[in-house]
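Engineer: fold the following and give me the result.
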Amino acid sequence: MRLNLNLLKATITGALGGLLFGFDTVVISGVIDALVRLYNLSDYGKGWTVAIALIGTVVGSFGAGVVGQKLGGRETLRITAVLYVISAIGSALAWNWPSLMVFRFLGGLGIGASSVLGPVYIAELAPAKIRGRLVGTFQINVVVGILVAYASNYGIRLLHLGSAEWRWQVGVAAIPALAFLVLLFRIPRSPRWSVSRARIDEALEVLKSMGAPDPDAELKDIRDALAQEHATAHEPVFKWKYRYPLFLAITIGAFNQLAGINAILYYLSNIFTSAGFTQISSDMQSIAIGATNLIFTLVGMSAIDKLGRKTLLLIGAVGTSGCLAGVAWVFHTQTHQSALLWLLVTYIAFFALSQGAVIWVYIGEVFPNAVRSKGQGVGNASHWIMNTAIALEFPVLAGRLGTATPFVFFAIMTVVQFFVVLFTYPETKGQTLEALQRRLVRD
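Structural biologist: Okay, here's the model as predicted:
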């Protein structure tokens, strides 16, 4: 199977939800201080302003699996695109804090659902030998979205728009959201979903259009795998035989956030200003962080099908734990603040080439066809639940116990992650989804 034009177009479109995911999750870092002043928010109010979107992602992650199995990934992604548009425009026009919270929650629904269905859609189209790289385009789009958000915040700030500045910063996301919605009407359904609905001719046509060298054989493999699992639209994911895939998805989702990545990205400007940087210089440092994130995500993507998922996770855990310990030391001693940028840049590099590159690929691989969307939803919900808790508590803990405290916790968690991955995670590179199903599902 080659990367033909149809496969490339479907992959790029499915991954575009990742750009909106990245943009929407971190754009708040540049506007949170303005919102604190405007609405006179406490540390808890500040945390809730960030976390309300993440609560939406948890709901969206759980709901996306069920809706995706019923309607199909493509149709459900269209719903997420509409949510992105409403959230961007509504947030920009918000008339008070509660209305802003409602629109941020709707955006969170879109983020959670697209983080489940985008990788699943791509995984179900991609050939095994390049599946890691193709699914990884979703994560590349996430980090591109993060970089675009930081650059957009900086650029809009330079326009000196006054009290309307934050509205422009959150509202500009409507442009790529509309583009995403339009493109979703130009891609096919997943052939695996079509087979699950007995639309055999439709599935075969998609496999041919994607450039499969032997579409009939691949179609038979998909049908056999679904028949073996007695797959139906109502197959539950919380069954004993799926215990191993559930363990893998839930733990990798949790460890992704216990490494502190999104707490850092959401509160990056606050972290830099607490170390003595100005708002403008904090925005510039954020762009450096975002650029590093993009570059090393590309490095991770180039290595994921060569070194493997497990090896990258182990390398990243070692590097991130050391950097987090260094950041904690800077804030504890209140010295060597100039090292903060380099410690965070190095941390981002290790995270991006490991956890950042692997998580969405891995969760999309470990579940069988019958429950893949639902399983992806469970793993993503684990990620977003942990993300919500950390985002909510980070400003409170930093304010009460000092900024060093959360970084000590994150450093310890990455050490724990190293040993869990070392002793319990299987390698998945180079194996078909059906082969992984036979290996990981245990009666």
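
Engineer: does residue 132 touch residue 361 like I think?
Structural biologist: Yes - contact criterion C-beta atoms under 8 Å: residue 132 and residue 361 qualify, at 5.1 Å. All C-beta spots, glycine's among them, are computed from the backbone N, C-alpha and C.

Engineer: where's the residue most central in space within the chain relative to residue 359, distance?
Structural biologist: Centroid-nearest residue in the chain, with C-alpha atoms, centre = their mean: residue 115, separated by 5.5 Å. Remark: distance between residue 115 and residue 359 (C-beta to C-beta, to the nearest Å) = 10 Å.

Engineer: any shared contact partners between the two?
Structural biologist: residue 383 (C-beta atoms under 8 Å, 6 or more residues apart in numbering).

Engineer: tell me which helix or strand comes right after the worst-scoring helix or strand of the chain on mean pLDDT.
Structural biologist: When each helix and strand of the chain is scored by mean pLDDT, DSSP states H and E, helix 268-274 comes last, with a mean of 73. Next helix or strand after helix 268-274 toward the C-terminus (DSSP states H and E): helix 279-303.

Engineer: distance between the host helix or strand of residue 330 and the chain's centre?
Structural biologist: With secondary structure defined by DSSP H and E, residue 330 is part of helix 309-333. Centre-to-centre, helix 309-333 and its host chain are 20 Å apart (C-alpha atoms, centre = their mean, to the nearest Å).

Engineer: tell me the helix or strand right after that helix.
Structural biologist: helix 339-351.

Engineer: and that next one, what does it pack onto?
Structural biologist: helix 261-266, helix 268-274, helix 279-303, helix 309-333 (3 or more C-beta pairs under 8 Å, 6 or more residues apart in numbering; DSSP states H and E).

Engineer: please identify the buried residues of it?
Structural biologist: 340-341, 343-351 (16 or more other C-beta atoms under 10 Å).

Engineer: likewise stretch 129-139?
Structural biologist: 130-139.

Engineer: try stretch 177-187
Structural biologist: Going by neighbour count (16+ other C-beta under 10 Å), the buried part of stretch 177-187 is 177-178, 180-181, 183-184, 187.

Engineer: could you find the lowest-pLDDT member of these?
Structural biologist: On pLDDT alone, residue 187 ranks lowest of these, at 88.

Engineer: can you list the buried residues of helix 339-351 in a markdown table and add distance to residue 209 and pLDDT?
Structural biologist: Listed next are these as a markdown table, based on distance: C-beta to C-beta, whole Å; pLDDT from 0 to 100:
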| residue | distance to residue 209 | pLDDT |
| --- | --- | --- |
| 340 | 50 | 86 |
| 341 | 47 | 85 |
| 343 | 48 | 93 |
| 344 | 44 | 91 |
| 345 | 42 | 91 |
| 346 | 43 | 94 |
| 347 | 42 | 95 |
| 348 | 38 | 93 |
| 349 | 38 | 95 |
| 350 | 39 | 96 |
| 351 | 36 | 95 |
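
Engineer: could I get those as a markdown table with distance to residue 298?
Structural biologist: Putting the buried residues of helix 339-351 into a markdown table (distance: C-beta to C-beta, whole Å) gives the following:
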| residue | distance to residue 298 |
| --- | --- |
| 340 | 25 |
| 341 | 21 |
| 343 | 22 |
| 344 | 19 |
| 345 | 16 |
| 346 | 17 |
| 347 | 17 |
| 348 | 13 |
| 349 | 11 |
| 350 | 14 |
| 351 | 14 |
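
Engineer: one step back: what angle do the helix holding residue 330 and helix 279-303 make?
Structural biologist: Taking axes from the mean of the first three to the mean of the last three C-alpha atoms, to 10 degrees, one finds helix 309-333 and helix 279-303 inclined to each other by 160 degrees.

Engineer: picking that back up, overlap in contacts, residue 132 and residue 361.
Structural biologist: Contacts common to residue 132 and residue 361, judged by C-beta under 8 Å, 6+ apart, are 304, 309.

Engineer: gap between whatever helix or strand residue 217 lives in and the chain center?
Structural biologist: Using DSSP H and E, residue 217 sits within helix 215-228. Chain-centre distance of helix 215-228: 30 Å, with C-alpha atoms, centre = their mean.

Engineer: by contact count, what packs against that helix?
Structural biologist: Using 3+ C-beta pairs under 8 Å, 6+ apart, helix 215-228 is in contact with helix 191-196, helix 200-209, helix 433-440.

Engineer: just name the most buried of the ones you listed.
Structural biologist: Among those, ranked by average contacts under mean count of other C-beta atoms under 10 Å, first place goes to helix 191-196 (a mean of 25).
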